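Chemist: Let me see the structure of the following:
(4 chains)
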2 protein chains.
Amino acid sequence: MTDARPADASRPTIYDVAQRAGVSKSLVSLVLRNAPAVSEKRRRAVLAAISELGYRPSSAASSLAGNRTRSIGVAIDDFENLWFVDLLRGMRQVLDESGHNVSVADRQLNAHLGRDPVDAFLSMRVEGIVLAMETSGPAPPFGGVPVVVAGAREVVPDHADYVANDDAEGARLATQHLIGLGHRTIGHLTGAGGVSRLRRTSYEATMADAGLSPVVAGSGGTTEEDGYVAAGALLETCPDLTGIFAANDVMLLGALAALRERRLSVPDDVSVVGYDNSPLAASRFLALTTVDQRSADVGVHAARAILARHRDPDREPSRVLLSPTLVRRASTSTPRAAPGA
Amino acid sequence: MTDARPADASRPTIYDVAQRAGVSKSLVSLVLRNAPAVSEKRRRAVLAAISELGYRPSSAASSLAGNRTRSIGVAIDDFENLWFVDLLRGMRQVLDESGHNVSVADRQLNAHLGRDPVDAFLSMRVEGIVLAMETSGPAPPFGGVPVVVAGAREVVPDHADYVANDDAEGARLATQHLIGLGHRTIGHLTGAGGVSRLRRTSYEATMADAGLSPVVAGSGGTTEEDGYVAAGALLETCPDLTGIFAANDVMLLGALAALRERRLSVPDDVSVVGYDNSPLAASRFLALTTVDQRSADVGVHAARAILARHRDPDREPSRVLLSPTLVRRASTSTPRAAPGA
DNA sequence: GCGCTCCATTGGAGCGCTCCATACACTACG
DNA sequence: CGTAGTGTATGGAGCGCTCCAATGGAGCGC
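Modeler: Numbering: from 1, shown residues only, chains lettered A, B, ... in the order given. Take a look at the predicted model:
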């Protein structure tokens, strides 16, 4: 592991490689981008020189000269919110093929480049931005870069493409699942933001359609603690409730704590459904029935939308809504036989 | 939101800004880096031109010309493993001040730059790399870039600085906690990698010191499922066990499922301790006693190590071990009164 | 053997910045 | 009044690449 730093101080450039391989810098450049029109002999010589010198191409130089970065930025709220992991997986599936890179940045990005991840991406000259976060206020100027909004949002910039799971359908699925099981008194735990609003509205509509009256609680946030508080309120106003649909799995985890405090068991006393199909819900211990929002597919479509807009910048903004699926696990069952023991 | 693209097609450069503000490109550059020696008048003119044109500096150009990127790369295994979130928080606390950016990349990074995140970082000419993942095989050549390894690992490149929580101490804390509570038959769930090995070894030593015999199970992995399987095996070989120390919180979650299947309650029948103090463990519902590895502090030290090595590339590699703390929650208690009911 | 095409290979220009040495306008002081 | 000093502003060179037009040699048909 001797550090083969060439005494020469600074890092090797294509010129160093070219010299060592006995070719021109242009040929080195061709090899790097593995152009076809290079003889096998030279290619090998160049490759050898590269590894001998420990040369690494400078991405700054190549994106400056080539006038393209081949990279796509994904802006997220917060790394703790794991839904972006599947989103990324889906995006990469598409973008690996087209030779693009994806880079992720969260809100805190910091940097003198500008605090906003979008700002940083614009400075990086990314070839597309996926907004996987709740955007605040009016859309920033994107300067002609393709933008796709992933996941339901309050506001969608109108020049942006849009891909999300159909939250209304998901909420309907969850609610109907409980109704179908025979539950009649079903509460909803709502969170903050556009996503929660969609889920809540659909829950209310589904309940109404079934001739049942919706009961909603929420304490303004979307955390476990919010779920706990909201569930407490729900149980207070509605002690005979046998079903809960939470706006997301994390809030549902909070609700579970509230239920346990009241010695209510799941699913015997109360059936519960979450949303997101997070690793949490999928765990063997919790095994929560939940709605899968197909984030990987959202990622696939988001990536395709970027690519499509790249081809034709003036195409109509697309709006894709993917149908979520209900994942049945152990947290729901038919309601307790009767109001007896 | 009219796209003020200057008809001119491509994006504005400092020259465009300079012309519009009636100054030289150099002055614009000075304003961008907010140099002090610029008159208020000109500065305002430049700033105005910038926002009128929707100008964004090109980070590629500035890092090429300036010969520095002011950015630090963090390489992680997997976004689902949340410990890096706190690590990042700690790093940013330090690096925001010094005007550095941090960018994160996981294993899948892909890209034509090279599949390895480290490769990509080297191409980006980052000024430091934090390895927050299990490195495979011999260390790659880092070409003189400061490297710090964060978190316990199998192999630590010997020219690298090293910051981790003291896993041996953490495991001792956990084991002693159970012993102190009065438990005598305590099993351990072990995972894969250097971290798990350290924790396991320390558990065994601590048990031996107390005159107790260690019982270890593990199915080769570190997932919830592995925890479930391992806990099953543990319970099989050792039915009278009253305490479990798991190599991490996620495995512990699996163990919880195995315990429940056997109608063993926590903490009445079995007390359990995890490691990581993940959001999972901190949740009100699970409330797991666990070891906090102080990831944010690890981040702070990692960032400082990068900065220090930057100042003096030849300094001795530093090895920092932070003392973890035990977080007592609801999953541990004194063992059941006696072998009665 | 000449002109031709076809191909691998080449040098030069330039991407958008930063850095440096220099120029310019003032003020300060002997 | 001349010279140094101070605070601003400037053009030119060059960072490490990619792109392009051009070069030179091999292969081919007549």
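
Chemist: Could you use CA atoms for every contact and neighbour count after this?
Modeler: OK.

Chemist: Pick out the residue in the stretch 201-341 of chain A sitting closest to DNA strand C.
Modeler: Going by CA to the nearest atom of the strand, DNA strand C is nearest to A:His310 of the stretch 201-341 of chain A, at 18.2 Å.

Chemist: In which helix or strand does that residue reside?
Modeler: A:His310 belongs to helix A:295-311 when elements are defined using DSSP states H and E.

Chemist: Show me what that helix is packed up against.
Modeler: Counting contacts by 3 or more CA pairs under 8 Å, 6 or more residues apart in numbering or on different chains; DSSP states H and E, helix A:295-311 packs against helix A:83-95, strand A:147-150, strand A:161-165, strand A:319-322.

Chemist: contact partners of the second one?
Modeler: Spelled out, that is strand A:147-150. Taking contacts as CA atoms under 8 Å, 6 or more residues apart in numbering or on different chains, the residues outside strand A:147-150 that touch it are A:128-133, A:156, A:159-164, A:298-299, A:302, A:305-306.

Chemist: cool, and the last one?
Modeler: Outside strand A:319-322, the residues within contact range by CA under 8 Å, 6+ apart are A:Asp161, A:Tyr162, A:Val163, A:Ala164, A:Asn165, A:Asp166, A:Gln293, A:Arg294, A:Asp297, A:Val298, A:His301.

Chemist: Repeat that for the longest one.
Modeler: Helix A:83-95 is touched from outside by A:76, A:101-102, A:132, A:276, A:278, A:295-304, B:79-80, B:110, with contacts defined as CA under 8 Å, 6+ apart.

Chemist: Also stretch A:298-313?
Modeler: Contacts to stretch A:298-313, defined as CA under 8 Å, 6+ apart, come from residues A:86-95, A:127-130, A:146-151, A:161-165, A:315, A:318, A:320, A:322.

Chemist: Tell me, how many residues neighbour A:Gly99?
Modeler: The number of residues packed near A:Gly99 is 15, by other CA atoms under 10 Å in any protein chain shown.

Chemist: Correct me if wrong, but it is in a helix.
Modeler: No - A:Gly99 is assigned coil when assessed by DSSP: H, G, I helix; E, B strand; the rest coil, not a helix.

Chemist: my guess is it meets A:Thr69, correct?
Modeler: No - applying CA atoms under 8 Å as the test, A:Gly99 and A:Thr69 come out as separate, 10.4 Å apart.

Chemist: what ranges do the helices span in chain A?
Modeler: In chain A, helices defined by DSSP state H lie at A:14-21, A:25-32, A:40-53, A:59-66, A:83-95, A:117-123, A:167-181, A:193-209, A:224-237, A:249-261, A:279-282, A:295-311, listed in chain order.

Chemist: Spit out the contact partners of the nearest residue to A:Thr223 once chain neighbours are set aside.
Modeler: Beyond its immediate neighbours in the sequence, the residue positioned closest to A:Thr223 (CA to CA, 6 or more residues apart in numbering or on different chains) is A:Met251, lying 5.6 Å away. Contacts were defined as CA under 8 Å, 6+ apart; by that measure A:Met251 touches A:Leu189, A:Thr222, A:Thr223, A:Glu224, A:Glu225, A:Asp226, A:Gly227, A:Tyr228.

Chemist: repeat for A:Val250
Modeler: Contact analysis of A:Val250 by CA under 8 Å, 6+ apart lists A:Thr222, A:Thr223, A:Glu224, A:Gly227, A:Leu280.

Chemist: Quick check: pLDDT value at it.
Modeler: We note a pLDDT of 96 for A:Val250 in this prediction.

Chemist: Quickly note the distance from the closest residue to A:Thr242 other than its chain neighbours to B:Tyr15.
Modeler: The shortest distance from A:Thr242 to any residue other than its chain neighbours is 4.4 Å, reached at A:Val270 (CA to CA, 6+ apart). In this view, A:Val270 and B:Tyr15 are 67 Å apart by CA to CA, to the nearest Å.

Chemist: Comparing these two, which residue is more hemmed in?
Modeler: Neighbours of A:Val270 and B:Tyr15, each counted by other CA under 10 Å, are more numerous for A:Val270; the result is 23 against 15.

Chemist: right, and the more buried one touches A:Gly243 too?
Modeler: Yes - here A:Val270 reaches A:Gly243: they are 5.2 Å apart, a contact under CA under 8 Å.

Chemist: quick one on the thing from earlier: which of the helices of chain A has the lowest average pLDDT?
Modeler: helix A:117-123 (a mean of 91).

Chemist: still on that earlier bit, most neighbours of all the contacts of A:Val250, which one?
Modeler: Comparing these by number of neighbours (other CA under 10 Å), A:Gly227 comes first, having 32 neighbours.

Chemist: Distance of the residue lying closest to it once chain neighbours are set aside relative to B:Ala45?
Modeler: Among residues not flanking A:Gly227 along the chain, A:Met251 sits closest, at 3.9 Å (CA to CA, 6+ apart). Note on A:Met251: its distance to B:Ala45, by CA to CA, is 50 Å.

Chemist: what does A:Ser331 give?
Modeler: In this view, A:Ser331 and B:Ala45 are 63 Å apart by CA to CA.

Chemist: neighbour count winner among these two?
Modeler: Taking A:Ser331 and B:Ala45 together and counting by other CA under 10 Å, A:Ser331 has the greater number of neighbours (20 against 17).
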